[in-house]
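Asker: Please find the sequence and the predicted model below.
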Amino acid sequence: YSFKEVFGTLVVQKELFDAVAKPLVEDLIRGKNGLLFTYGVTGSGKTHTMTGSPGDGGLLPRCLDMIFNSIGPFQAKRFVFKLDDKNGVDVQCEVDALLERQKRDAMPVPKTPSSKRQIDPEFADMINVQDHCKVEEVDEDNVYSVFVSYIEIYNNYIYDLLEEAPFDPIKPKWNNCNTPVRNGDLIPPQSKILREDQNHNMYVTGCTEVEVKSTEEAFEVFWRGQKKRRIANTQLNRESSRSHSVFIIKLAQAPLDADGDNVLQEKEQITLSQLSLVDLAGSERTNRTKAEGNRLREAGNINQSLMTLRTCIEVLRENQMYGTNKMVPYRDSKLTHLFKNYFDGEGKVRMIVCVNPKAEDYEESLQVMRFAEMTQEVEVARPVDRPLCGLTPGRRFRNQAFREELSRKLEMRGGPINGEPEEQSASEMFLQNFPPLPSCELLDVNDDQTLPKLIEVLEKRHKLRQTLSEEFAKNVLAFKTMLQEFDSSVVSKENYIQGKLSEKEKTIAGQKMELERLEKKIKTLEYKIEILEKTATIYEEDKRNLQQELESKSQKLQRQASDKRRLEARLQGMVAETTMKWEKECERRVAAKQLEMQNKLWVKDEKLKQLKAIVTEPKNEKPERPSRERDREKPVQRSVSPSPVPNAPPVRLRHRRSRSAGERWVDHKPASNLPTETVMQPHVPHAITVAAASEKALAKCDKYMLTHQELASDGEIETKLIKGDVFKTRGGGQAVQFTEVETLKQESPTGRKRRSSPSNSDPPEDAADSEWTDVETRCSVAVEMRAGSALGPGYQHHAQPK
């Protein structure tokens, strides 16, 4: 980023003041306005730059010192200038000003003169500036008065820091809840209102403005307001400014009258200039300051006002660069509304950007420097016309020199000065040039010397008088000639001047006509501009409405598209679920049908076998059934039905179910399970038997089996083996996905058995063997597959011994 000037960390306050603030003070004394900002992240040194530190005053005390060093001998007495309530200034005569001073001196607490006032040691070092900087060209025929005021903008409200809050201990004060406030509580100050004066300048209504006569007195007023300013302790700054402070210096000046004694009593000749020194609160991120409650609300208002300032600068820059006429949103914040005239061209604006080299402030510092670089492209200054008084310059010092000379002569002569003795002495000196007269006393009648001598002297005097008369006549003639020549030259010059004046008057008349033409053209253009602005406003409103309609329709389309996608996903899920459900149902029905057909086929085989045995046996009184030994010798080979031998087939089927002999299992047997006395017992090799599932055991194994017992509908114990696979989750834990269920059911022998022949009380020896041909007996030791389970195929074992 590039700036007009960059100051390092070791720069002194004087160097910064000379480069930034000194031109603003010079413009202030010449009757121009000025505005100085300090801008930056919180904790970057804005208040230090503005106020300074003990032994090294900042910009504010140096500005005050330069002002009073420049206008010190030309200051008016107190109350000669009097500010009104409408941002104007009046001139009072000496009598009214004297009455005001006497009234001030008669107050209960008399004001100590500034020369005798004891300086507060708290800020004495800050205003002890040894530079004695002053403005070189000060109008010596003017008188000056300085007025200061101090306000703060807190939560977008304006408060007067110099306002003395009245406190009456007798009269109770009431709060918003209509309850009396305790004596120790102070009523919060009332916020002030911004108004616009007749010159379209913004000012704070009812703000306290103090007339000061020295740097010490002005800084004491500032320090009194500084103690009322709102600061707080945040995570980033121990004394963080929670408000924007504005210290306003107003300089009133008016010319002296023609005699150089008193102020000219004409309000039009008064010039009121203003210098505003603004210490902005720092922008901050609430996630870094850890602000809560009031601090959070303050930070939000601070950031909002700074954002409005940036927006105003950006709109001004855009209007200047691209020739647009966008409305600058000054009224969005009290800070920008107060200084609206500066941005419109009523004075110079300077900004000091404070940057903290901390790495944590990197992002905020980039934003600050980007905005500050952009503000350099905005030009707002324009010349200010000062009123012309038309009086002779230098009248103050001429009047002063005349008075000094008059007093000196009065002291020398001891009385009033009279010009006649000097003229008399000049005539005496002129008469002394004549020859002296001899003695005219005749003591003797025959004295013939006195009269001839007297006649001779008188003749000489007469000749001398004639000579002087001739010389005087010559001088008079020469003087008359010179006067005639001077009159002729004056007449010629007057004629020349009259010609020039007539030419100038013609030129002025032509310029007036041109001005009238231009004014008419300006009015026409202004009318056209107004029409175009109204048209542009209508178009912008239509554009805004169309954009809102477009946004609403696009949002509606997005919602419809999202609803459509959600409905499609839902339908796909329903289709997939229904498809899976019917596939499983079909598989279950097919398996059930296959099992039913196998059972029927097996029954037919048994019947055929029994029929064959009946046909082939010899005809005896009692038919015999083939024994178990014969059945064992000649078993019927079937692919579907299991062998009635209770040992081998179930073991094979169990081994078939545990397909991965190398895998490790977690055998979860709760402590509440009861032991069963069945011949067939579940056996899992390489298993870790636990009473409660644990993550440690699951982490070591690949398979999981839970033994669950419940009471069946016939009152017997039914044991279920729930099996599943162990997976590692993304978070580092273990998860089990169940895959199949095996059911082990134990049944008591019942009396409902279908026999191939009626029972006998005394059965033969091979009756037990012949019972194996019975269907119910054969099925009681069979292995049956259950189909249609949602977790996969399972097995049901019937292993009740005879």
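Answerer: Perfect, I can see it now.

Asker: so residue 144 touches residue 73, yeah?
Answerer: No: using Cβ atoms under 8 Å, residue 144 is not in contact with residue 73; the gap is 10.0 Å. (Each C-beta comes from the backbone N, C-alpha and C, glycine too.)

Asker: higher neighbour count, those two?
Answerer: A direct count of neighbours by other Cβ atoms under 10 Å for residue 144 and residue 73 places residue 144 higher, at 22 against 9.

Asker: Let me know the secondary structure of that one.
Answerer: For residue 144, the assignment made with DSSP: H, G, I helix; E, B strand; the rest coil gives strand.

Asker: what's the answer for residue 195, then?
Answerer: Look at residue 195: counting by three-state DSSP, its state is strand.

Asker: ok now the lengthiest helix in the chain, how far from the chain's centre?
Answerer: As assigned by DSSP state H, the longest helix anywhere in the chain is helix 450-616. From the chain centre to the centre of helix 450-616 is a distance of 22 Å (Cα atoms, centre = their mean, to the nearest Å).

Asker: Alpha carbons of stretch 325-338, as CSV, please.
Answerer: The C-alpha coordinates for stretch 325-338 follow below in CSV (Å, rounded to 0.1, in the frame of the first residue of the first chain):
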residue,chain,number,x,y,z
ASN,A,325,-24.2,11.3,-8.5
LYS,A,326,-24.9,8.7,-5.8
MET,A,327,-26.3,9.8,-2.5
VAL,A,328,-23.7,9.6,0.2
PRO,A,329,-25.3,8.0,3.3
TYR,A,330,-24.1,10.5,5.9
ARG,A,331,-27.2,10.1,8.1
ASP,A,332,-26.6,6.4,8.7
SER,A,333,-24.2,7.4,11.6
LYS,A,334,-23.8,10.4,13.9
LEU,A,335,-20.0,10.4,13.2
THR,A,336,-20.4,10.9,9.4
HIS,A,337,-23.5,13.2,9.8
LEU,A,338,-21.5,15.6,12.1
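
Asker: ok, residues contacting that stretch?
Answerer: With contacts defined as Cβ atoms under 8 Å, 6 or more residues apart in numbering, stretch 325-338 is touched by 153, 156-158, 194, 202, 204, 244, 246, 280, 304-305, 308-309, 311-312, 315-316, 318-319, 340, 343, 529, 533.

Asker: Using ChimeraX, define a selection of the buried residues within those.
Answerer: A single ChimeraX command selects the buried members of the contacts of stretch 325-338 (16 or more other Cβ atoms under 10 Å):
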select :153,156,158,202,204,244,246,280,305,308,309,311,312,315,316,340,343
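
Asker: pLDDT at the residue most central in space within the chain, what is it?
Answerer: Nearest to the mean C-alpha position of the chain, counting by Cα atoms, centre = their mean, stands residue 303 at 1.8 Å. Looking at residue 303, its pLDDT reads 80.

Asker: Now do the helices in the stretch 1-150 of the chain.
Answerer: Listed in chain order, the helices found in the stretch 1-150 of the chain under DSSP state H, counting those that start in this stretch are 13-16, 22-29, 46-51, 59-71, 94-105.

Asker: which of those helices is buried the deepest?
Answerer: Each of those was scored by mean neighbour count; the highest is helix 59-71, a mean of 24, by mean count of other Cβ atoms under 10 Å.

Asker: Let me know the average pLDDT across it.
Answerer: Helix 59-71 comes out at a mean pLDDT of 92.

Asker: ok, back up a step: among the helices of the stretch 1-150 of the chain, which comes closest to residue 710?
Answerer: For residue 710, the closest of these is helix 46-51, at 78.1 Å, according to Cβ to Cβ.

Asker: List the contacts of that closest one.
Answerer: Helix 46-51 is contacted from outside by 16, 38-40, 57-61, 126, 226, 241, 277, 279-280, 282, 352, 354, using Cβ under 8 Å, 6+ apart.

Asker: just checking, residue 307 is part of a helix?
Answerer: Yes: checked against three-state DSSP, residue 307 lies within a helix.

Asker: dump the residue contacts of it.
Answerer: No contacts exist for residue 307 under Cβ under 8 Å, 6+ apart.

Asker: Report the separation between it and residue 367.
Answerer: Relative to residue 367, residue 307 is positioned 11 Å away (Cβ to Cβ, to the nearest Å).
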